[in-house]
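**Student:** Please work out how this folds:
(one chain, ligands or ions: 2)
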Amino acid sequence: MLKKADIDTIDEIIRTYQQFIVTTHVNPDGDAIGSEIAFAHFLKQRKKSVKILNSSPAPDVFQFLDPNGEIEIYDASRHIEYVSNADAVFILDISDWGRLRELGEFIRGSHLTKVCIDHHPKNEPFVEHDAIYPKASSTGELIFELLHGLDAKLTTRISEALYTAILTDTGVFRYSNTTPRVHQIAAELLGRGINPQQIHKDIYENQSHARVKLMASALASLKFHYENQLATMIITQKMLAEAGASLKDTDGLSDFPRTIEGVEIALLFIELDNDRVKISFRSNGNLVINKLAQSYNGGGHAFASGATLTGTLDGVMQKVLTDAAALFRSR
Ligand code: 5GP
Ligand code: MN
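**Tutor:** Numbering: from 1, shown residues only. Ligands and ions are numbered 1, 2, ... in the order given. Here you go, the predicted model:
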């Protein structure tokens, strides 16, 4: 999957430089966190200095991948010296400046050598060294191929990080991105001493009470439109506060309405503040929804994408529901 030229370029960059930054998108998911941990540990194997700097915290369920707190939240005042002295940055699981926030602004205008490893479809170039493969199940799959190509030692920590990345981005080996290669890689990782039952437990059977309370109120908001083909759920600031939950507890909640019979598209609207609404778009595979997400400056995969819109929750919902009508008319 990964072209030899990309592997060679990355190898050369790692050999040439000493100090690295690894980063990913806001609200990182299992693929983002797993890919970062695996890649950062590989850089450490190569005796490099590396910091993982993110814009927002990882969901608690991925804590097991980072027992030593190697993932840090970027803070310009605290990290300025490290990032100014760094040579190169690896941007994983994202190829969109908007979702890199303040660190993205810094990177964009910086001297750093920039490498992107991602599986989100992208039309225009992002940085000078793009390794973007939309056919890959996950960034974790790409990191596996890269590490394999570079003769890395697949330690247990690296293996469980990559397994987590692939597990979460394939919806536990259920989505259409679950290829034979995905299972081959999983088999390889299972041979490295990882415990798949424990990993599944840590991620999916360890939900906080706050998250379950939030899920209950989100489900209570479920509504159907366009002859039940479109399902919507909302999460308001009030719902978050009442559940004692935060944004990182919302990861994965958008998947549920898609599993209801007859539903083609599920939309989850999250009120970020009085003026911004984050939408998760999910499709059952018959209707492509990333075009709609892109029309709001968002993006993602054909059947799972997202965007953040300006406006009130009611205003944004009304607009998006109106726009979504076209998807059903064109069938
Ligand atoms: P989620 O709804 O889980 O946040 O995101 C689903 C997919 O859409 C992920 O692949 C994610 O990277 C992508 N995505 C979510 N929000 C945005 C956004 O604001 N911009 C872009 N370009 N992609 C997004
Ligand atoms: Mn991913």
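
**Student:** List the buried residues of the helix or strand where Thr168 lies.
**Tutor:** Using DSSP states H and E, the element containing Thr168 is helix 156-169. Residues of helix 156-169 classed as buried by neighbour count (16 or more other CB atoms under 10 Å): 157-169. Placement of C-beta: from N, CA and C, glycine included.

**Student:** Let's have those in a markdown table, adding distance to ligand 2.
**Tutor:** Conversion of the buried residues of helix 156-169 to a markdown table gives the following (distance: CB to the ion, whole Å):
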| residue | distance to ligand 2 |
| --- | --- |
| Arg157 | 20 |
| Ile158 | 17 |
| Ser159 | 18 |
| Glu160 | 17 |
| Ala161 | 13 |
| Leu162 | 12 |
| Tyr163 | 14 |
| Thr164 | 11 |
| Ala165 | 7 |
| Ile166 | 10 |
| Leu167 | 12 |
| Thr168 | 8 |
| Asp169 | 5 |
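
**Student:** any chance of these in TSV, with distance to Ala38 too?
**Tutor:** Converted to TSV, those look like this (distance: CB to CB, whole Å):
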residue	distance to Ala38
Arg157	8
Ile158	5
Ser159	8
Glu160	9
Ala161	4
Leu162	5
Tyr163	9
Thr164	9
Ala165	7
Ile166	11
Leu167	13
Thr168	13
Asp169	13
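
**Student:** which of these lies closest to ligand 1?
**Tutor:** Each of those was scored against ligand 1 by CB to the nearest ligand atom, and Asp169 proved nearest at 8.2 Å.

**Student:** Does the closest one touch Pro28 like I think?
**Tutor:** No. Contact criterion CB atoms under 8 Å: Asp169 and Pro28 do not qualify, at 11.9 Å.

**Student:** Excluding sequence neighbours, find me the nearest residue to the residue in the stretch 201-331 of the chain positioned nearest to ligand 2.
**Tutor:** In the stretch 201-331 of the chain, the residue that lies nearest ligand 2 is His301 (8.5 Å; CB to the ion). Leaving aside its chain neighbours, His301 sits nearest to Asn290 (6.2 Å; criterion: CB to CB, 6 or more residues apart in numbering).

**Student:** Asp66 too?
**Tutor:** Ile37 (6.3 Å).

**Student:** any idea which helix or strand comes after the one helix or strand that neighbour maps to?
**Tutor:** If you go by DSSP H and E, Ile37 is part of helix 30-45. Using DSSP H and E, the helix or strand that follows helix 30-45 in sequence is strand 49-54.

**Student:** by contact count, what packs against the following helix or strand past that following strand?
**Tutor:** Reading on from strand 49-54 to the C-terminus, the next helix or strand found by DSSP H and E is strand 71-73. The contact analysis (3 or more CB pairs under 8 Å, 6 or more residues apart in numbering; DSSP states H and E) places strand 71-73 against helix 30-45, strand 49-54.

**Student:** Is the first one positioned near ligand 2?
**Tutor:** The reference is to helix 30-45. Yes. Using CB under 5 Å from the ion, helix 30-45 comes into contact with ligand 2 via Asp31.

**Student:** relative orientation of that helix and strand 49-54 in degrees?
**Tutor:** 170 degrees (axes from the mean of the first three to the mean of the last three CA atoms, to 10 degrees).

**Student:** Extract the C-alpha trace of helix 30-45 and format it as PDB.
**Tutor:** Extracted C-alpha coordinates of helix 30-45, given in PDB (Å, rounded to 0.1, in the frame of the first residue of the first chain):
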ATOM      1  CA  GLY A  30      -8.200   5.700  18.600                       C
ATOM      2  CA  ASP A  31      -6.600   5.800  15.200                       C
ATOM      3  CA  ALA A  32      -5.000   9.200  15.900                       C
ATOM      4  CA  ILE A  33      -3.700   8.300  19.300                       C
ATOM      5  CA  GLY A  34      -2.600   4.800  18.400                       C
ATOM      6  CA  SER A  35      -0.700   6.100  15.300                       C
ATOM      7  CA  GLU A  36       1.000   8.800  17.300                       C
ATOM      8  CA  ILE A  37       2.100   6.500  20.100                       C
ATOM      9  CA  ALA A  38       3.400   3.800  17.700                       C
ATOM     10  CA  PHE A  39       5.200   6.300  15.500                       C
ATOM     11  CA  ALA A  40       6.700   8.200  18.400                       C
ATOM     12  CA  HIS A  41       8.000   5.000  19.900                       C
ATOM     13  CA  PHE A  42       9.600   4.100  16.600                       C
ATOM     14  CA  LEU A  43      11.400   7.500  16.600                       C
ATOM     15  CA  LYS A  44      12.600   6.800  20.100                       C
ATOM     16  CA  GLN A  45      13.900   3.400  18.900                       C
END
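
**Student:** Measure how far it is from the centre of its chain, please.
**Tutor:** On the basis of CA atoms, centre = their mean, to the nearest Å, helix 30-45 sits 14 Å off its chain's mean C-alpha point.

**Student:** just the last one next, same as before
**Tutor:** Its chain's C-alpha centre lies 17 Å from the corresponding centre of strand 49-54 when counted by CA atoms, centre = their mean.

**Student:** Not counting its own residues, what contacts it?
**Tutor:** 18-24, 26, 28, 36-37, 40, 43-44, 70-74, 79, 82-83, 86, 103 (CB atoms under 8 Å, 6 or more residues apart in numbering).
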